[in-house]
Every structure is written in structure tokens, then in C-alpha cells.
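Q: sharing a model prediction with you, sequence too.
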Amino acid sequence: MTATSPRKIIKTHSIIHFGMLAGPLLAGIFFYLNTEVNANGSQEDIFIYIFPLIALVAIFTSKVVYRTFLKPLKQKEHLRDKLAGLQSASLIQYALIEGPAFLNIIWFGQTGNLLYLTIGGVLLIYLFILRPTKTKIENDLELKGEHKRQFNRFDEAIS
């Protein structure tokens, strides 16, 4: 990782997050505008039970995986290593939410059942809540002492 400032790291992280959020959001809007809504849904649709379960598993798994990746980062000696690891952990967490969101949204496009669009929308709201902020990064990495001072010098390069 080249020398960069906390501001640039957060900006890059935010752009990646926005990109991962925008794809399913735009797909959801597209399908909503171009799909005939089926209010009743099909009683024979087995996915009506599977897709909500996948969404719940995705939320739980994303939290567990994120925490698992963060644990060793807290012991790293250099702030830049902590931030690089956090970005990797976050990307995995975002992908674990984005995939099921896309799945539900695409299935809405196939069936017209609003339940799938709603599940996809809830996953997107959760993904939005996960957006990277300065405070969230400080708290997640439990920055203290010199690392916190370095991170708070927002426009200075991290050594």
C-alpha cells in the first residue's frame, strides 16, 4: 500500500462501497419499473422459504466473517496494515450482503413477487448502514495511542 492519507483511504473505501450498493439498487429499480407485480405470489414457489433464509444467513455470516477478519488486525504494528486489512474484511462483508440482495431482486424480476424485492431492499438498507465512516473505522479497529493520532491527522500520509 503506497503512502496515503486517512481521507484518501476512506474516500476509496466509500467509492467501493457505493459501487457495491449501486448495482443491486439500480437492478431493483429497473425490475420494479419493468416487471408486472404479482401480489398473490405462487403457493408452489419453494424459494419463498429459501430466499428469506438465505438473506438471514447472509447477514449473520457477514457479521461473523467481518469480526473474524478484524481480530488479528487489532494486533498489527502499522496503521496502514490495519486499514488495508479492514478494507479487505469490509469488501468480503459487502459481497456477502450484495449477492443475496441481487439474487432476491433478480428473482423478483422473474416472478413479480414483491416479497423478493422487499428482501433485496432490506439487504440494501443493511448494506447502506455498513458504509465506512471515520468513527466506524476507529471503533472497529479499536485505534488507540499513536495509531489514533495518526488516523486523526486526516490529510497527512500514513507512514
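A: On my side now, so go ahead.

Q: the closest residue to Leu127 other than its chain neighbours: what's it in contact with?
A: Nearest residue to Leu127, sequence neighbours excluded (Cβ to Cβ, 6 or more residues apart in numbering): Ile97, at 4.7 Å. Bear in mind the C-beta positions are built from the backbone N, C-alpha and C, glycine included. By Cβ atoms under 8 Å, 6 or more residues apart in numbering, the residues touching Ile97 are 58-59, 62, 123, 126-127, 130.

Q: so which residues of the protein form helices?
A: Using DSSP state H, the helices assigned to the chain run over residues 6-34, 47-73, 79-111, 114-129, 134-141, 145-152.

Q: next one: Glu156 from Lys11, what distance?
A: 15 Å (Cβ to Cβ, to the nearest Å).

Q: kindly report the same for Ala89.
A: 18 Å.

Q: now swap in Tyr116 and tell me
A: Tyr116 is 34 Å from Lys11, by Cβ to Cβ.

Q: next: Gln150.
A: Distance from Gln150 to Lys11, by Cβ to Cβ: 17 Å.

Q: swap in Leu25?
A: To Lys11, Leu25 is 20 Å away according to Cβ to Cβ.

Q: what of Lys71?
A: Counting by Cβ to Cβ, the separation of Lys71 from Lys11 is 26 Å.

Q: what sits against Asp155?
A: 5, 7 are the contacts of Asp155 under Cβ under 8 Å, 6+ apart.

Q: ramachandran coordinates for it?
A: phi -110, psi 0 (degrees, to the nearest 10).

Q: same check, this time on Asn38
A: phi -110, psi 100.

Q: what's the closest non-adjacent residue to it?
A: Gly112 is the one closest to Asn38 (Cβ to Cβ, 6+ apart), at 3.6 Å.
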